[in-house]
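[1] kindly generate the corresponding structure for this input.
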Amino acid sequence: MTGPTEIIVDRLSKQYKQLRAVDDLSFTVRAGRVTGFLGPNGAGKTTTLRMLLNLVTPTSGSATIGGRRYLELDEPIRHVGAVLEASSAHKGRTGINHLRVICRAAGLPSQRADEALALVGLTPAARRKFKGYSLGMRQRLGIAAAMLGDPRVLILDEPANGLDPEGIRWMRDLLKTLAAEGRTVLVSSHLLSEMQLLADDVVIVAAGRLISQGPVDEVLGSMGAAVQVRVRTPDPAKLTQALAQFGPSITPQPDGALLVSGVEAAQVGHAAFTAQVELHELTGEKADLEQVFLQLTAGKAGIR
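    All right, here's what the predicted structure looks like:
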């Protein structure tokens, strides 16, 4: 695939009888960046990815890769790599033979199987049978299969499922490296803390509709500079009384600290100073992706 490899979803919708799985959804995934595709269960993420890969026919709208629909691509394996679930293979076939079969079918040189296994760290398990692979190993094998054609676009649905912390960090490093090479990387995930570390951009959906999109820092910034203040004092009752004028939400923590929402750290400090309340800790905590996600999608998930 030459030229831009942006993914463009334009007013995409999918209706299943009484269920509107995806509703007039539009967003862009840029090359050279990792884009996190986030939403509650039933938000329409997997349906969107399936429409992008022409596994599901849209009711209306379009989804293109480099300006073309997936089914219009010549030798799509050389342009787009996708993993929508843990890799599936014949239980008695080894990992390397599984990839060689795909190479043969796609007209790719057999050495690409060895290169892809090395890329995902499965070379030591190359000759182990698939039935002996853990879920995490199957995820790696799926990514190896997706990378056989050295594609410029990578689409992954929950790729960290089954990976241990070391495997999740490996996944993060791999996807960042692939994006740094100029590839377009779209990742659907429920691991919000990991997405904050991995993604350059996020697309947040709920009930099939777009809720927010943009660079991670901008999405976080849209919810305000600090959503909570952590404060510790030997006299929490007196501090709570001093803060009552602001109408904040105050939540005691197991370690004795208070989490104060609805006021800035400077206001907490000034109220404590005026009331002569001794403070041992005063920290403004910025919104993280999980907090922003929950605020943006509150009451919008629906039952799908």
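[2] please make it C-alpha for all contacts and neighbour counts, starting now.
    Fine.
[3] what are the ranges of the helices in this protein?
    Listed in chain order, the helices of the chain (DSSP state H) span 45-52, 95-106, 111-119, 135-146, 165-180, 192-198, 216-221, 236-243, 265-274, 289-297.
[4] dump these into a markdown table; add distance to residue 16 and mean pLDDT as well.
    Output for the helices of the chain, formatted as a markdown table (distance: least, Cα to Cα, whole Å; pLDDT from 0 to 100):
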| stretch | distance to residue 16 | mean pLDDT |
| --- | --- | --- |
| helix 45-52 | 11 | 96 |
| helix 95-106 | 33 | 96 |
| helix 111-119 | 38 | 96 |
| helix 135-146 | 29 | 92 |
| helix 165-180 | 33 | 94 |
| helix 192-198 | 29 | 91 |
| helix 216-221 | 31 | 85 |
| helix 236-243 | 51 | 94 |
| helix 265-274 | 49 | 93 |
| helix 289-297 | 23 | 83 |
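[5] out of these, deepest packed?
    Among the helices of the chain, the stretch with the highest mean neighbour count (mean count of other Cα atoms under 10 Å) is helix 135-146, at a mean of 24.
[6] now do that one and helix 111-119, the angle between them.
    Interaxial angle of helix 135-146 relative to helix 111-119 (axes from the mean of the first three to the mean of the last three Cα atoms, to 10 degrees): 140 degrees.
[7] and for the spatially closest residue to residue 203 that is not a sequence neighbour, the neighbour number?
    Among residues not flanking residue 203 along the chain, residue 213 sits closest, at 4.4 Å (Cα to Cα, 6 or more residues apart in numbering). Residue 213 is flanked by 20 other residues according to other Cα atoms under 10 Å.
[8] adding distance to residue 252, write the helices of the chain out as CSV.
    Output for those, formatted as CSV (distance: least, Cα to Cα, whole Å):
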stretch, distance to residue 252
helix 45-52, 36
helix 95-106, 52
helix 111-119, 47
helix 135-146, 39
helix 165-180, 30
helix 192-198, 23
helix 216-221, 25
helix 236-243, 9
helix 265-274, 15
helix 289-297, 18
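[9] nearest to residue 63, out of the ones you listed?
    Nearest to residue 63, of all the helices of the chain, is helix 45-52, at 5.3 Å by Cα to Cα.
[10] just how off-centre is the closest one within its chain?
    Distance of helix 45-52 from its chain centroid, counting by Cα atoms, centre = their mean, to the nearest Å, is 14 Å.
[11] quick one: contacts of that helix?
    9, 21-22, 37-39, 56-58, 63-64, 69-70, 84, 155, 157, 188, 205, 208 (Cα atoms under 8 Å, 6 or more residues apart in numbering).
[12] got the CA positions of it in PDB?
    Extracted in PDB, the C-alpha atoms of helix 45-52 (Å, rounded to 0.1, in the frame of the first residue of the first chain):
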ATOM      1  CA  LYS A  45     -16.200  -1.700  19.100                       C
ATOM      2  CA  THR A  46     -15.900  -5.200  17.700                       C
ATOM      3  CA  THR A  47     -18.700  -4.600  15.300                       C
ATOM      4  CA  THR A  48     -16.900  -1.500  14.000                       C
ATOM      5  CA  LEU A  49     -13.600  -3.500  13.600                       C
ATOM      6  CA  ARG A  50     -15.500  -6.200  11.700                       C
ATOM      7  CA  MET A  51     -17.000  -3.700   9.400                       C
ATOM      8  CA  LEU A  52     -13.600  -2.200   8.800                       C
END
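[13] any idea of the pLDDT on the nearest residue to residue 247 once chain neighbours are set aside?
    Once flanking residues are discounted, residue 247 sits nearest to residue 262: 7.5 Å by Cα to Cα, 6+ apart. Note on residue 262: pLDDT of 80.
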